[in-house]
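> predicted model and sequence follow; I will ask about them next.
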Amino acid sequence: MANFKVFSEIPSQLLAQVSQPAAASLLAQVSQPTAACLLAQVSQPAAASLLAQVSQPTAACLLAVVSQPTAACLNVTMSNLTAASLVMTLGDRATADVSETVTATTTAFVSATTRNVISYSSVTFTALNAGPDSASVKLQLSPDGANFKDDPSLTAQTIAAGDMFFFVPGRFVKYARLQYATAAAATTASLTLFFQAHV
């Protein structure tokens, strides 16, 4: 009967009796069956810690756990872009660079081409007066492309022949355009108007 009692013992006790304490410890932990807990019991805390983080399985989280916070922060911020693709994205950002040539023969303002500027972070309109006479130029803004108002941060500029002026919108709106005219009656001004922007 005593022999039957020995073999009815639970496996952890049996293993403990045959000098296998690590295995016995694992079996004793079956009430906490996760892989992380098991690994923690066999002196692999780093692996256990990683497995404990599986509720946050992104590469950034794993990197943070293994003490690489710089790489982790970069991956989180840039949606897991590599450093090479980050440089490529910033070095090849979208731009706009167009121009048009116009002639002013009256003092009444005429509108140049309307530009959609809402997607750009930096916008500049440049008016270059190729002559022979002075010109008046101003910047107008619009939320809808139909209703325009002079930019309140800028005044109309008189630009001498051979000179130029840079207009930078002072408000965030969807549309912008230049208007131009001669500075004096019975004169003519030939202008090149530039629109340049980047995201």
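Cool, got the structure. Numbering: from 1, shown residues only.

> contacts, neighbours, all on C-alpha from now
Noted.

> any idea how many residues pack against Lys149?
11 (other Cα atoms under 10 Å).

> Thr95 now?
By the criterion of other Cα under 10 Å, Thr95 has 12 neighbours.

> show me the contacts for the residue nearest to it when sequence neighbours are not counted.
Using Cα to Cα, 6 or more residues apart in numbering and skipping residues adjacent in sequence, the residue nearest Thr95 is His198, 4.2 Å away. The contact partners of His198, taken as Cα atoms under 8 Å, 6 or more residues apart in numbering, are 93-96, 120-123.

> do the same with Tyr120
So Tyr120 contacts 197-199 (Cα under 8 Å, 6+ apart).

> pLDDT and distance to Lys174 added to those, as a markdown table?
Below are the contacts of Tyr120 laid out as a markdown table (pLDDT from 0 to 100; distance: Cα to Cα, whole Å):
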| residue | pLDDT | distance to Lys174 |
| --- | --- | --- |
| Ala197 | 97 | 13 |
| His198 | 96 | 15 |
| Val199 | 94 | 14 |
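
> and of these, the nearest to Leu139?
Leu139 lies nearest to Ala197 out of the contacts of Tyr120, by Cα to Cα, at 15.3 Å.

> and the helices in this protein?
Per DSSP state H, the chain carries helices over the ranges 2-7, 11-17, 21-28, 35-41, 45-52, 59-65, 69-77, 83-91.

> domain parsing for this structure?
Following automatic domain parsing, one gets these domains for the chain: 11-88, 95-198.

> weakest of the ones you listed in terms of mean pLDDT?
Per-stretch mean pLDDT for the domains of the chain is lowest at domain 11-88 (a mean of 48).

> could you give the bridge partners of Arg177?
Gln140 (DSSP bridges).

> how about stretch 120-131: buried residues?
The neighbour-count criterion (16 or more other Cα atoms under 10 Å) identifies 120, 123-131 as the buried residues of stretch 120-131.

> farthest-apart pair in the residues you listed, please.
Using Cα to Cα, the pair of those lying farthest apart is Tyr120 and Gly131, separated by 31.1 Å.

> who's in contact with the residue lying closest to Asp150 once chain neighbours are set aside?
Leaving aside its chain neighbours, Asp150 sits nearest to Gln140 (4.2 Å; criterion: Cα to Cα, 6+ apart). Contacts for Gln140 (Cα under 8 Å, 6+ apart) come out as 148-151, 176-179.

> at 6 Å instead, please
For Gln140, the contacting residues are 148-151, 176-177, by Cα atoms under 6 Å, 6 or more residues apart in numbering.

> contacts only, for Tyr175.
Counting by Cα under 6 Å, 6+ apart, Tyr175 touches 115-117, 141-142, 145.
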